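Asker: What shape does this take:
(one chain, ligands or ions: 1)
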Amino acid sequence: MKRGIHPTLVPARIICVCGATYETLSIKPEIHVEICASCHPYFTGERRVVDTEGRVEKFEQRYRRFREQQAASAQR
Ligand SMILES: [Zn+2]
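Answerer: Residues are numbered from 1 along each chain as shown. Sure thing, here's the model as predicted:
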């Protein structure tokens, strides 16, 4: 390895907002995450939507308008 360009590797603890912690190695001793393997619905099997920045709401608003148009054109 080339000298002087590599960051120092330290034991690190990954802390999720769900309370799970993971031990690993990193250049930072502590890393906070919002979602992890023990709380993401893909791994838990729970049917839940992980919403960021109201994207689900935006999609539903758009789709609602589309369905209303469909209903309106079906009546004619
Ligand atoms: Zn988690």
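Asker: biggest helix in this protein, by residue count?
Answerer: helix 55-75 (DSSP state H).
Asker: quick one: it to chain centroid distance?
Answerer: Between the centre of helix 55-75 and the centre of its chain there are 26 Å (Cα atoms, centre = their mean, to the nearest Å).
Asker: Is Val10 in contact with Ser26, as I believe?
Answerer: Yes: using Cβ atoms under 8 Å, Val10 is in contact with Ser26, at 6.7 Å. For glycine as for every other residue, the C-beta is placed from the backbone atoms N, C-alpha and C.
Asker: what does this structure put close to the ion?
Answerer: 16, 18, 20, 36, 39 (Cβ under 5 Å from the ion).
Asker: from the residues you listed, which would you call buried?
Answerer: Buried members of the residues of the chain next to the ion, counted by 16 or more other Cβ atoms under 10 Å: 16, 36, 39.
Asker: Could you dump these into JSON lines and include secondary structure and distance to Glu60?
Answerer: Shown next, in JSON lines, are these (DSSP: H, G, I helix; E, B strand; the rest coil; distance: Cβ to Cβ, whole Å):
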{"residue": "Cys16", "secondary structure": "strand", "distance to Glu60": "27"}
{"residue": "Cys36", "secondary structure": "coil", "distance to Glu60": "27"}
{"residue": "Cys39", "secondary structure": "coil", "distance to Glu60": "23"}
